[in-house]
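Student: My questions are about this predicted structure, shown below with the sequence.
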Amino acid sequence: MSVRVQSARFDAGAELNAFSAGLGNAGAVVSFTGVVRDRDQGGMVAMEIEHYPGMTEAAIAKILAEAEARWDLVRALVIHRHGRLEIGEPIMMVATASRHRVAAFEAAEFLMDYLKSRAPFWKKEIGAGDAAWVAAKDEDEDALGRWSPKKD
Amino acid sequence: MIDCLYFAWVRERIGLPRERVETSAATVMELVEELRAREPRYAAAFEDISALRVAIDQELADFDAALAGAREVAFFPPMTGG
């Protein structure tokens, strides 16, 4: 299991190839790459991502450990960037490998849901003459509900 | 002494990323009240607690959490990772 928090750009294709090498009895690899997109109204110049050094790595490791406890994963990877990113650049990537596909798909979704709302990153959209922090969405918080232990 | 850390718009409203705070606050909320009373920029940052999250020693916590033994308290808006 691997966590990388970095400002440097990464090559999602190369990362996925490296991740998929020598997986032994894993027959399924799922990956998700988040990319900087322009605002819906357009005019964005860049995105700045602030984070909480120390807590970021610990929070992601905790989320990964939870995924490992829930699913039988052969391998898992989280890369998340911070700093200034241009439109089109990869922000983050999640990859999971398991023997069969359901665990890999579910674990990847779980990781994404928790990274959205529980890893200490804050996105700011930079325009030509303006800048605004991205507001957290209720639906992202609500998405965590589907992973709660089932109650009778 | 507690290290207070501020992130995103909380940092911008207060105007600094971290500071050491001399406090005898027993809970996060008491610390917030002390900070609010300092200056308008703190009052502005802590105006709506429901818009904020807090971490004690890098673990998410509640505003009614005790501060006994805490070294670092961070205040920030809801996270927007991924």
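Tutor: Received it, and whenever you're ready, just let me know what you need.
Student: If you count residues, where's the longest helix of chain B?
Tutor: Of all the segments of type helix in chain B, defined by DSSP state H, the longest one is helix B:28-38.
Student: what packs against that one?
Tutor: Packing partners of helix B:28-38 (3 or more C-beta pairs under 8 Å, 6 or more residues apart in numbering or on different chains; DSSP states H and E): strand B:2-6, strand B:18-21, helix B:40-45. Every C-beta, even on glycine, is put in place using the N, C-alpha and C of the backbone.
Student: if you set the cut-off to 10 Å instead, what comes out?
Tutor: Judged by 3 or more C-beta pairs under 10 Å, 6 or more residues apart in numbering or on different chains; DSSP states H and E, the packing partners of helix B:28-38 are strand B:2-6, strand B:18-21, helix B:40-45, strand B:53-56, strand B:72-76.
Student: which of these sits most buried?
Tutor: strand B:72-76 (a mean of 22; mean count of other C-beta atoms under 10 Å in any protein chain shown).
Student: Report the mean confidence score over that one.
Tutor: The average pLDDT within strand B:72-76 is 98.
Student: List the pairing partners of it within its sheet, with orientation.
Tutor: Strand B:72-76 has the following strand partners under DSSP bridges: strand B:2-6 (parallel), strand B:53-56 (antiparallel).
Student: For residue A:105, which of these is the nearest?
Tutor: strand B:53-56 (29.1 Å; C-beta to C-beta).
Student: which ones are touching residue A:136?
Tutor: A:116, A:117, A:122, A:123, B:51, B:53, B:77, B:78, B:79, B:80, B:81 (C-beta atoms under 10 Å, 6 or more residues apart in numbering or on different chains).
Student: Could you do residue A:6 as well?
Tutor: Applying C-beta under 10 Å, 6+ apart to residue A:6 gives the contacts A:79, A:80, A:81, A:82, A:83.
Student: Pick the one among those residues closest to chain B.
Tutor: Nearest to chain B among the contacts of residue A:6: residue A:80, at 6.6 Å, using C-beta to the nearest C-beta.
Student: The closest one looks like it's in a strand, true?
Tutor: Yes: under DSSP: H, G, I helix; E, B strand; the rest coil, residue A:80 sits within a strand.
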